[in-house]
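K.L.:
Would you be able to build a 3D model of this:
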Amino acid sequence: MKKIICKVLFSLLVIYTSAQNVTAYNKKEVMIAMRDGIKLYTVIFTPRDAQGSFPILIQRTPYSASVPEDYDILKHTYLGDMAKEGYIIVFQDIRGKFKSEGKMEIHQPIVHLKQKNAVDESTDTYDAIDWLIKNVQNNNGKVGILGISYPGWLALVASIDPHPALKASSEQACMGDLFLGDDFHHNGAFRLSYGMEYTYEIEFDPTTDSDFPFTQFDLYDWYLKLGPLKNVNEKYFHNKIPTWNNFVKHPNYDSFWQQNSPLNYVHQPEVPILHVGGYFDQEDINGPQLMYHHMEKKDSFHRNFIVLGPWNHGGWGRMKGDSLGKISFDKKTGEDFREMQKKWFDFWLKGIGDGKFQEATCFQTGSNVWKTYAAWPPKESNHQKLFASGNGKASFTAPINKSGYTSYISDPVHPVPYRALPIEATYGFGSRWKPWQVEDQRFVYSRPDVVSFSTDSLTETLTVTGKVTAHVFASTSGTDADWVVKLIDVYPSFEQKDLLMSQYQLPVAMEVFRGRFRKSFSTPSPLTPNKPEEFVIDLHDINHSFLKGHRLMIQIQSTWFPLIDRNPQKFVSNIFEANESDYNKTEQRIYYNTYLDLPVMKD
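P.N.:
Got it, this is the predicted structure:
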């Protein structure tokens, strides 16, 4: 009985000291030495005049850990709620960036487990945690790590061979496989505007972030005038951007990309890990989904969890989350998530709560409600095929004439823009990069090189939850082709209210596939002119209700510029070395046995 009373009193003491309201912080800047002698710039915020011991929460970054001298960590949108309740907050520049020593190159693999005395981002995190535990006063011996985007990947790799004090990790919008999906490629198709602008930003000057010196505002025309990809080095980079040089050297999924993939060096959750992603993430939509599924296969201790929401890249960390672009979600989903995040770390680092977290917490767009699932995707779904058919129709009934087709001309000289012009620099003044994935697709609907297939108006709500897969049966008159597939929610006509949203075409899922990789991402092969083939395209996980009165639309095109570089549409061994004369106009045919595999949930 005495032991039970002591346990209760101790638990109350932990809750009291951990949940007290901290009103001020001390800030300290230090250089922490890694095992190879390189020192990393680190900023440490510790509660001032607070009683008790506190966990450490660290965020490592290539985007500068520096903050103003009078910075108030309590007002930090992403971490402020945890700072107010007594977390020791730590920011650190990774090696080779800003005030840290050493050399940085984007997204290097984790090698120390196989190479003796090697250093990588995992060992750097281990060494940083070791120093913090031993040198920061009033810590409780428990550390958590989190981050969005590149810091999200750093949180992921910190959980590989982790320091014993690391008790929880939350990778958010982390980079996944950089050839199969995310920042630089999607299914082998090169992400031109982002790939060029981001690598220049990070690697041109390691002491800062650099904006490429564009000479005009609308970059659609600028990238067209750029010409073939080989002109990037010849005219601008001059072989000085290491990651761009790697793009040129490795146009296929060779050992370079495979070794750099987290699929190669992350195997199972060694600490509790929370994957966080957005359905409309314009940069790293694939990483959280990919890594959750990959790690779930070996999650024998039930410590692998996922949260998906209606966000763009990192929107949950900086916004209310009640809308994106013109799309309203009726709830402050960003604030909802930050409450979830705090409960997550409170349990693993403070022992507060029962730890009964849902396997998957996924916002459902359309109906605009949070849903929880015992498995992700949920096993209760019933797969249905949505077919493209003649006269621009789509139906859940297979068409009779499967040899029929709709054709269009794809011209690299006049590519389809991926968003309405003007297309500003990715991170330039007034850029609309962040919400483009919810942009009304009517801006391309009437183009002759974009084909659309729509259902009749729904007589009842249809909810699609899980992985959407496109099976595109197509041919081209050339020897290579890109296929861009979209699943679109077409709103009904609103006669009196909500005229702004009348007939809005909301893209629920979109993806590109480079035809040369249909058989192998490692060994591309040319297409046979005018031969119909099947292209299977992963459109990722969604959770969306197509409401009564709405329509479903399948939309297909072959250019998506300058998000995706122009496919010459003639097979060449390396598109990064193609000549202007290699780019050809082709006829594309979409056959009526093309369909989307939709995981439909029962009411």
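
K.L.:
Only C-alpha atoms from now on, for both contacts and neighbour counts.
P.N.:
Noted.

K.L.:
Just give me the residue closest to the centre of the protein.
P.N.:
residue 284 (1.7 Å; CA atoms, centre = their mean).

K.L.:
Residue 180 is in contact with that one, correct?
P.N.:
No - if you go by CA atoms under 8 Å, residue 284 and residue 180 don't touch, sitting 11.6 Å apart.

K.L.:
coming back round to it: got the contact list for the residue nearest to the centre of the chain?
P.N.:
Residue 284 sits next to 149, 173, 174, 175, 176, 181, 182, 183, 313 when contact means CA atoms under 8 Å, 6 or more residues apart in numbering.

K.L.:
And for the residue lying closest to the fourth one once chain neighbours are set aside, the neighbour number?
P.N.:
The reference is to residue 175. For residue 175, ignoring the flanking residues on the chain, the nearest one in space by CA to CA, 6 or more residues apart in numbering is residue 287 at 5.0 Å. Counted with other CA atoms under 10 Å, residues neighbouring residue 287 total 28.

K.L.:
Quick one, grab the pLDDT at residue 287.
P.N.:
Listed pLDDT for residue 287 reads 95.

K.L.:
Pick out whichever of the contacts of residue 284 sits closest to residue 536.
P.N.:
residue 181 (14.6 Å; CA to CA).

K.L.:
I figured that closest one was touching residue 187, is that so?
P.N.:
Yes - between residue 181 and residue 187 there is a contact at 6.0 Å, judged by CA under 8 Å.

K.L.:
Show me the strands in the stretch 251-400 of the chain, by range?
P.N.:
273-278, 304-309, 323-324, 327-328, 360-364, 369-373, 382-388, 394-395 (DSSP state E, counting those that start in this stretch).

K.L.:
Strand partners (parallel or antiparallel) of the second one?
P.N.:
Next to strand 304-309 in the sheet, as set by DSSP bridges, lie strand 273-278 (parallel), strand 360-364 (parallel).

K.L.:
Name the surrounding residues that touch the first one.
P.N.:
The set of residues external to strand 273-278 that reach it, using CA under 8 Å, 6+ apart, is 168-173, 285, 287-289, 291-292, 303-315.

K.L.:
Looking at those residues, which are in helices?
P.N.:
Taking DSSP state H, the ones among the contacts of strand 273-278 that sit in helices are 287, 288, 289, 291, 292, 315.

K.L.:
mind showing which ranges of the stretch 351-500 of the chain have poor pLDDT?
P.N.:
Residues of the stretch 351-500 of the chain meeting the criterion pLDDT under 70: 495-496.

K.L.:
can you give me the helices for it?
P.N.:
Along the stretch 351-500 of the chain, counting by DSSP state H, counting those that start in this stretch, helices occupy 442-445.

K.L.:
And the stretch 151-300 of the chain, by the same measure?
P.N.:
192-203, 219-226, 231-232, 242-249, 255-260, 262-265, 287-296.

K.L.:
chain center to the second one: distance?
P.N.:
Distance of helix 219-226 from its chain centroid, counting by CA atoms, centre = their mean, to the nearest Å, is 26 Å.

K.L.:
Backbone torsions only: list them for the nearest residue to residue 73 once chain neighbours are set aside.
P.N.:
Nearest residue to residue 73, sequence neighbours excluded (CA to CA, 6+ apart): residue 80, at 6.0 Å. The phi/psi pair for residue 80 (degrees, to the nearest 10) reads phi -60, psi -40.

K.L.:
any idea how far residue 80 is from residue 86?
P.N.:
Distance of residue 80 to residue 86, computed by CA to CA, to the nearest Å: 10 Å.

K.L.:
Compare these two (neighbour count), which wins?
P.N.:
Taking neighbours as other CA under 10 Å, residue 80 and residue 86 compare with residue 86 leading, 27 against 16.

K.L.:
Verify the stated contact: the more buried one with residue 45.
P.N.:
No - assessed by CA under 8 Å, residue 86 is found out of contact with residue 45, at 10.2 Å.

K.L.:
I'd like the average pLDDT over stretch 321-331.
P.N.:
Rounded mean pLDDT across stretch 321-331 is 96.

K.L.:
brain fart, stretch 501-518
P.N.:
Across stretch 501-518, the per-residue pLDDT values average to 97.

K.L.:
ends of it, how far apart?
P.N.:
With CA to CA, one end of stretch 501-518 sits 37 Å from the other.

K.L.:
Write down the beta-bridge partners of the nearest residue to residue 148 once chain neighbours are set aside, one by one.
P.N.:
Excluding the flanking residues, the one nearest residue 148 by CA to CA, 6+ apart is residue 172, at 4.6 Å. According to DSSP bridges, the residues that bridge with residue 172 are residue 148, residue 276.

K.L.:
okay but residue 172 is in contact with residue 146, surely?
P.N.:
Yes - look at residue 172 against residue 146 with CA under 8 Å: they come within range, at 7.3 Å.
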